[in-house]
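S.K.: How does the following fold in three dimensions:
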Amino acid sequence: MQMRCNQADHENQSIIGVCIDITCPNLSPYCNFCLPLHAKHLHMLTPLDLINEWISERILQVHNVYNSVQDLKVPFENLLNQFSPYCNFNIDQIPKLGLSEIDKLVKDLGSIQECEKILFRQLNQSIQQIKQIVFEILKTIKDQSNIYKNDNTQIPSNMAQYIIEQPKNLNKLKPNISPIAYEIMNKHSIKQKEFCFAIALNKDRSILAAGCDKSIKIYKFSQGMFKQIQLLNQHQEQVSTLNFMKKTNQLISGDCIGTILIWPSNNNNEWICSQTLQHNGQINCLIINNNEDIIISSSNDKTIKFWTKQNEWICQQTIRDYQSCVYQLSLNEKQNKVISYGYDKLILVIENSQQYKQWMVIQKIQVDCFGIRLCFINDNLFTFQPYKGNQMYIYEMNTVCKQFAQTQHVTVNEGEEGYALFSQQYIKSKQLLVSKHDKYINFIKMTDDNHFKVEQTIQFGSNMLFGYMSDDGEYLIIWNNLSKEISIRKSILE
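M.R.: The predicted structure follows:
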């Protein structure tokens, strides 16, 4: 059945598509005469022959979330059934109990006390995170339902005529792909069925470490070929971060319950854990300064920790300015500033004060969108990738007030991010930024005038992909959940 536009003066025109921009104040279905009303977001206009697929994908997402919530109900109900006898327990009943009943009461409560040491703290933290996520979902839905307003934005009449005459050009924005710079080495991939959230190469590219669920697989890496030489099994939960030190060839690993392990290597290239550091939530990012005497870590426990090396690594300072999870960290070239991003849409600029001998927050940038990845390009420039849309933001330091502000943006692929980890990396020798966004990896070149251009985009079938670029930009190592393998791509740039 053909739909007709009911907008005034649109002469009962046929509906040709639907606007999927939820912030648009106009009716979603549009005809040719409606196009000027959507001039600011043409890439969000979807032809009718594609809208069924778009709706089906979103309904599938709803089903997935619904099923996940349903799955939570059973274990929570079982947990409540375990606790309910004691919630209404009257202490005056104790003299009336028999010996076996008292024995059972003591053992049951003792078991609960044992759980309280670690497990209850983790459970409470997870519940708080879930409540925050649900609150954000409900708030977003409510805000969008109240956004329907009149928009009197005008565009030049000649532009409106151009838009009306070009309905066939309203396809979604495609990635800006230049001649290929990285090619996959198909013969050198290795199967990896467990989830692999973290990958790292050492300085001379001779050793590769891959976090495979709770284990770390150590591979000898040569000419793009892998050979496993060790398996490390000391983490209790999934490995989320891996870093090699460049001077001492130590390995540092973090996991999903906040444990950081330090792994020195012996003369036989075997890694043995020497120290454990601890957050109270998942390690999302870990960076090491050039002198390798400072480790900086961010976590779901809302903190950033600075660890310094004395006889052992100790926590020198904790930043507690966030109200929720803290994601990526990045150090500038001078190694005296750190930028960070948290779930509460806040970028912090943190500076090492020589006067006070500590790291101090010198700027708070409240952004209007959620994001995960950011990266210093140099001392005066950093990037930030919002989780949704087709733009990456560039922040630049004002030379007068010494504050960072957004000065430009880069158009990238349209997408919606779903996973943290896989930090942005800037390869200075190639002036190349490697940035994941949704199911794409973008290779973005910085020009001599501090502008950015997408040189190549690699598309994967899923946004669940994680990886690492070697420090010289020669190799890109990727794991994704569709292929279930670690693949390697090699630069073919001269």
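
S.K.: Please state the offset of stretch 386-393 from the chain centre?
M.R.: Relative to its chain's centre, stretch 386-393 lies at 13 Å (CA atoms, centre = their mean, to the nearest Å).

S.K.: how about the strands in the stretch 351-494 of the chain?
M.R.: 358-366, 371-378, 381-386, 388-397, 404-416, 425-427, 432-437, 440-446, 452-459, 465-469, 475-480, 485-491 (DSSP state E, counting those that start in this stretch).

S.K.: same thing with the stretch 151-300 of the chain?
M.R.: Going by DSSP E, counting those that start in this stretch, the stretch 151-300 of the chain shows strands at 182-184, 190-191, 198-201, 207-212, 215-222, 225-232, 239-244, 251-255, 259-263, 275-278, 283-288, 294-299.

S.K.: how about a markdown table for these, with mean pLDDT added?
M.R.: A markdown table is the format used below for those (pLDDT from 0 to 100):
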| stretch | mean pLDDT |
| --- | --- |
| strand 182-184 | 84 |
| strand 190-191 | 88 |
| strand 198-201 | 95 |
| strand 207-212 | 94 |
| strand 215-222 | 92 |
| strand 225-232 | 91 |
| strand 239-244 | 96 |
| strand 251-255 | 96 |
| strand 259-263 | 97 |
| strand 275-278 | 96 |
| strand 283-288 | 96 |
| strand 294-299 | 96 |
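
S.K.: closest to T23 out of the ones you listed?
M.R.: Evaluated over these, closeness to T23 peaks at strand 283-288, with 28.4 Å, by CB to CB. From N, CA and C alone the C-beta is placed, and that goes for glycine too.

S.K.: Tell me the helices and strands packed up against that closest one.
M.R.: For strand 283-288, the elements it packs on are strand 239-244, strand 251-255, strand 259-263, strand 294-299, strand 326-331, judged by 3 or more CB pairs under 8 Å, 6 or more residues apart in numbering; DSSP states H and E.

S.K.: just to revisit the earlier point, looking at the strands of the stretch 151-300 of the chain, which is nearest to V410?
M.R.: strand 182-184 (18.7 Å).

S.K.: And for K187, the neighbour number?
M.R.: K187 has 8 neighbours, counted by other CB atoms under 10 Å.

S.K.: likewise the one 10 residues further on?
M.R.: Using other CB under 10 Å, the number of residues around F197 comes to 25.

S.K.: Hmm, L421 and K436 touching each other?
M.R.: No - counting by CB atoms under 8 Å, K436 does not reach L421; the two are 9.2 Å apart.

S.K.: Look at those two and report which has more neighbours.
M.R.: Set side by side, K436 and L421 show more neighbours around K436, with 26 against 20, by other CB under 10 Å.

S.K.: which residues touch the more buried one?
M.R.: R373, E417, F422, Q424, N442, L465, G467 (CB atoms under 8 Å, 6 or more residues apart in numbering).

S.K.: again, but for C5
M.R.: N12, Q13, S14, I15, P29, Y30, C31, F33, C34.

S.K.: Out of these, which sit inside strands?
M.R.: Secondary structure from DSSP state E places P29, Y30 of the contacts of C5 in strands.

S.K.: Quick check: the gap between the most centrally placed residue in the chain and I458.
M.R.: Centroid-nearest residue in the chain: A420, 2.0 Å away (criterion: CA atoms, centre = their mean). The gap separating A420 from I458 is 20 Å, by CB to CB, to the nearest Å.

S.K.: Repeat that for S265.
M.R.: 32 Å.

S.K.: And the pLDDT for Y30?
M.R.: In this model, Y30 is scored at 84, pLDDT.

S.K.: try M1
M.R.: 53.

S.K.: Over to S330?
M.R.: pLDDT, S330: 97.

S.K.: again, but for I177
M.R.: pLDDT recorded at I177 is 37.

S.K.: For the remainder of this discussion, apply numbering that starts at 331.
M.R.: That works, and once the first residue is 331, the last one we named lands at I507.

S.K.: Could you list which residues are in contact with I634?
M.R.: I626, S627, S628, T648, I649, Y652, V656, L659, V668, S670, L678, I680.

S.K.: I meant to write N516 there.
M.R.: By CB under 8 Å, 6+ apart, N516 lies in contact with S817.

S.K.: In terms of pLDDT, where does it sit?
M.R.: Reported pLDDT for N516: 76.

S.K.: that older thread, which one among the contacts of I634 gets closest to E431?
M.R.: Nearest member of the contacts of I634 to E431, counting by CB to CB, is T648, at 46.4 Å.

S.K.: what about that closest one, which SS state?
M.R.: Secondary structure state of T648, per DSSP: H, G, I helix; E, B strand; the rest coil, is strand.

S.K.: Might one say that it is in contact with T633?
M.R.: Yes - using CB under 8 Å, T648 is in contact with T633, at 5.2 Å.

S.K.: if we can go back for a sec, so which of the strands of the stretch 481-630 of the chain is nearest T376?
M.R.: strand 512-514 (31.0 Å).

S.K.: just how off-centre is that closest one within its chain?
M.R.: Distance of strand 512-514 from its chain centroid, counting by CA atoms, centre = their mean, is 24 Å.

S.K.: One more: stretch 427-439?
M.R.: 48 Å.

S.K.: Could I get the buried residue list for it?
M.R.: Under the neighbour-count criterion of 16 or more other CB atoms under 10 Å, stretch 427-439 has L435 buried.

S.K.: Convert the C-alpha atoms of that stretch to PDB, please.
M.R.: What follows is stretch 427-439 as a C-alpha-only set of coordinates in PDB (Å, rounded to 0.1, in the frame of the first residue of the first chain):
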ATOM      1  CA  LEU A 427      16.200 -24.200  68.000                       C
ATOM      2  CA  GLY A 428      17.700 -27.700  68.200                       C
ATOM      3  CA  LEU A 429      21.400 -28.400  67.900                       C
ATOM      4  CA  SER A 430      21.100 -29.400  64.200                       C
ATOM      5  CA  GLU A 431      19.100 -26.300  63.400                       C
ATOM      6  CA  ILE A 432      21.700 -24.100  65.100                       C
ATOM      7  CA  ASP A 433      24.500 -25.900  63.300                       C
ATOM      8  CA  LYS A 434      22.800 -25.300  59.900                       C
ATOM      9  CA  LEU A 435      22.100 -21.600  60.800                       C
ATOM     10  CA  VAL A 436      25.800 -21.000  61.700                       C
ATOM     11  CA  LYS A 437      27.200 -22.800  58.600                       C
ATOM     12  CA  ASP A 438      24.800 -21.000  56.300                       C
ATOM     13  CA  LEU A 439      25.500 -17.600  57.700                       C
END
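
S.K.: What distance do you get for I389 to I808?
M.R.: From I389 to I808 the distance is 30 Å (CB to CB).
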